[in-house]
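1. what follows is a predicted structure for the sequence shown.
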Amino acid sequence: MNLSNRAAKNSLFLFFLVVAIFWLKTYVTYQIEFKLGIDNYLQEFLLFLNPLSSTLIFFGLALFFKGRIQSIILAAMNIVLSILLYANVVYYRFFNDFITVPVIMQTKTNAGQLRDSALTLMSPLDIFYFIDTILLIILITKRWYKPVHMGSKKKGTLIVAAGLIVFFINLGLAEKDRPDLLTRSFDRVYLVKYLGIYNFTFHDAVQNSKYLSERALADSTDITEVENYMKSQQTSPNPKYFGKAEGMNVIYVSMESLQTFIIDYELNGQEVTPFLNSLIKDDQTFYFDHIYNQTGQGKTSDAEFIMDNSLFPMAQGAVYVNKAQNTYQATPAILQSYGYTSASFHGNYKTFWNRNEMYKSMGYNEFFDAEYYEMTDENTKNYGMKDKPFFKESMPYLKRLPEPFYAKFITLSNHFPFKMDEWDTDFPLAETENDVVNQYFQSANYMDEALEQFFADLEASGLYERSVIVLYGDHYGISENHNEAMEEIIGKEITPFEYTQLQRVPVFIHIPGETGGEPKQTLGGQVDVRSTVLHLLGIDTREYIDFGSDLLSDEHREIIPFRNGDFTSPQVTMINEKFYDNTTGEIIEDTGKYSSIADKARKQLEMSDQILYKDLLRFHTPKRFTPINRDNYQYVHPDHND
């Protein structure tokens, strides 16, 4: 072997040694600094694998250059990625979150406020994160590291290609464990766990560039069409109910995966939801059993978004993740002008569905996440805290809120796959051959008991008599993959039309002291709930961009769009461009007279999409509304302020 070949091999060996050390450094950092919730061996393997792809790609780019430039670029790549890694370490220590492009863009604004906190989170031991960088700089400075010369561009191409192959293998395995990972942008923790901190940052940059380009092309004239459309769609509140709950607290409860079919359902002679059933008979409660969920890929977060904003969610992805920086005129912000404090309660961590960022844009004053609760193994299930301890531990925080308040509780126990711990319930399983369907009845019953306990605690606290309580199902729990078992449950064949009927979610509006409440078969969607509640509080919604229509109004609109472009109405339901008669459930052949209804449904979605994608609410300022300044909101547990 001649000297040049030997030198080339030694140089390549040192290059791969640099790659290996950086790869392992990143993996060790994941293990000691971040809580990523590794649940199985595949996730552990992906956590180990994912730094390799980005390391090969970025470091491999240096080989396209020669001599001293190659060494400088290699060192620069190491420095930049090391700083990115360490910046996330420090940021995570404070926020339990990862840095995103919007956070970087806001650094100039927030740096002064966060500098002292950041310094307190740093440790001399953190030199660990730069040991390989220091060693590489020494090697290059002393010229002990020799650049790869022979065929370096070819080697660079092969190394970058290898990095891409590793990335796609990584992505394929990640999609197997967490389907639609990139399209749903489910949670930053998920993305970092599956793809790694460097790939996550690149993905975040791409997503934000798309967002910025759409927003940049919009101007104030774009809102005019929307405003004119909304004026043509306005409905008047019902004077009988307008202001009935003026000045009262408002408590929303998101009932995870609860579908209307299970209300008043009996399994082996036992009511599955006896407490909710009792509310139907309570004349202080309006119960709506023909409300359809209108969520998209964002599921629970989409339901939250709809309830707070009366806008439709995105067709792809989640508003909470992809449009968190937008301007909104959400219920918490509207109620601030009327003296309300707002808070959200959730038994999972604040980064889940990007809530800690979205809530800033909507004006939530407080956010009580998992850091405020006893997250023991006994108390947790699925994606967070079980409903009973969640409500119980939330009460002290709720009682401390200044009144009047707007509070939202997000339950979690009734979540797929619905399996309960045996010590939490003795309610029977259903008896189909499908475990998911069988277990749904147990978890729904557990949630019902938790809600009954919550109402009792509200009464004991004295808050009950002063609070409007809104309970709503957020989205379906049983997907069409389980139709065969569901046919046994509902006793009929599940056609496309019948499956759409299963998309109904229950909505209860409980007003203590009101005696006119009753079950309502008004056809509506989740988008209609906000205007209904605001009118009960005596707040006219005509100043706001609101796609809802008061469910108690005599002028209520009954064309209900679904996020995929389908719709339902009193006469017909459209599914995949086919029209079904709502009375018979049969396909209608002569559809000409219904095409105008389809156009009206799509128009609503189009107008809402314009608002979201172009961020048009920044050009619309209603009377008596103070725009939200995101910098005024930080959701940090008090213990982190020490």
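-> That came in fine, so what should we check first?
2. please count neighbours and contacts with C-alpha atoms only from this point.
-> Will do.
3. any weak-confidence spans in this protein?
-> Applying pLDDT under 70 to the chain picks out residues 1-10, 94-96, 102-103, 105-120, 149-152, 183-187, 640-642.
4. got the domain ranges for it?
-> Structural domains of the chain, as assigned by automatic domain parsing, span the residue ranges 3-215, 237-556+612-641.
5. would a markdown table of those domains with distance to Tyr229 and mean neighbour count be doable?
-> Formatted as a markdown table, the entries for the domains of the chain read as follows, by distance: least, Cα to Cα, whole Å; neighbours: other Cα atoms under 10 Å:
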| stretch | distance to Tyr229 | mean neighbour count |
| --- | --- | --- |
| domain 3-215 | 21 | 17 |
| domain 237-556+612-641 | 10 | 20 |
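6. turn the ones you listed into JSON lines, including distance to Asp599.
-> Conversion of the domains of the chain to JSON lines gives the following (distance: least, Cα to Cα, whole Å):
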{"stretch": "domain 3-215", "distance to Asp599": "25"}
{"stretch": "domain 237-556+612-641", "distance to Asp599": "15"}
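7. so how far is Gln634 from Lys367?
-> For the record, residue 367 is Phe, not Lys. 9 Å (Cα to Cα, to the nearest Å).
8. surely Lys146 is in a strand?
-> No: when classified by DSSP: H, G, I helix; E, B strand; the rest coil, Lys146 is found to be coil rather than part of a strand.
9. surely it meets Ser11?
-> Yes: with contact defined as Cα atoms under 8 Å, Lys146 counts as touching Ser11 (5.5 Å).
10. please save the CA atoms from stretch 221-236 in PDB.
-> What follows is stretch 221-236 as a C-alpha-only set of coordinates in PDB (Å, rounded to 0.1, in the frame of the first residue of the first chain):
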ATOM      1  CA  THR A 221     -58.000  43.600   1.400                       C
ATOM      2  CA  ASP A 222     -58.200  39.800   1.800                       C
ATOM      3  CA  ILE A 223     -60.300  40.100   4.900                       C
ATOM      4  CA  THR A 224     -63.000  42.100   3.100                       C
ATOM      5  CA  GLU A 225     -64.500  39.100   1.200                       C
ATOM      6  CA  VAL A 226     -64.600  37.100   4.500                       C
ATOM      7  CA  GLU A 227     -66.300  39.900   6.400                       C
ATOM      8  CA  ASN A 228     -68.900  40.400   3.700                       C
ATOM      9  CA  TYR A 229     -69.600  36.600   3.600                       C
ATOM     10  CA  MET A 230     -69.900  36.500   7.400                       C
ATOM     11  CA  LYS A 231     -72.400  39.400   7.400                       C
ATOM     12  CA  SER A 232     -74.600  37.500   4.900                       C
ATOM     13  CA  GLN A 233     -74.600  34.400   7.300                       C
ATOM     14  CA  GLN A 234     -75.300  36.100  10.600                       C
ATOM     15  CA  THR A 235     -78.200  34.800  12.700                       C
ATOM     16  CA  SER A 236     -79.800  36.600  15.600                       C
END
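11. list the buried ones in that stretch?
-> Of the residues in stretch 221-236, those buried under the neighbour-count criterion (16 or more other Cα atoms under 10 Å) are Asp222, Ile223, Val226, Glu227, Met230, Gln234, Thr235, Ser236.
12. what's the spacing between it and its chain's center?
-> Averaging C-alpha coordinates over stretch 221-236 and over its chain gives two centres that are 28 Å apart (Cα atoms, centre = their mean, to the nearest Å).
13. before we move on, what about stretch 160-176?
-> Relative to the centre of its chain, stretch 160-176 is centred 26 Å away, using Cα atoms, centre = their mean.
14. again, but for stretch 470-484
-> Relative to the centre of its chain, stretch 470-484 is centred 17 Å away, using Cα atoms, centre = their mean.
15. which residues of the stretch 401-550 of the chain fall in strands?
-> Secondary structure of the stretch 401-550 of the chain by DSSP state E, counting those that start in this stretch: the strands cover 405-410, 467-473, 507-510, 519-520, 524-525.
16. out of those, which comes closest to Leu451?
-> Ranking these by proximity to Leu451 (Cα to Cα) places strand 467-473 first, at 9.5 Å.
17. what packs against the closest one?
-> Using 3 or more Cα pairs under 8 Å, 6 or more residues apart in numbering; DSSP states H and E as the contact criterion, the elements in contact with strand 467-473 are strand 249-255, strand 507-510.
18. so what does the closest residue to Tyr27 other than its chain neighbours look like in phi/psi?
-> The spatially closest residue to Tyr27, leaving aside those adjacent along the chain, is Phe48, at 5.8 Å (Cα to Cα, 6 or more residues apart in numbering). Phi and psi for Phe48, reported as degrees, to the nearest 10, are phi -70, psi -40.
19. so who does the closest residue to Glu449 other than its chain neighbours touch?
-> If the residues on either side of it in the chain are set aside, Glu449 comes closest to Phe275, at 7.1 Å by Cα to Cα, 6+ apart. With Cα atoms under 8 Å, 6 or more residues apart in numbering as the criterion, the residues that contact Phe275 are Asp448, Glu449, Leu451, Glu452.
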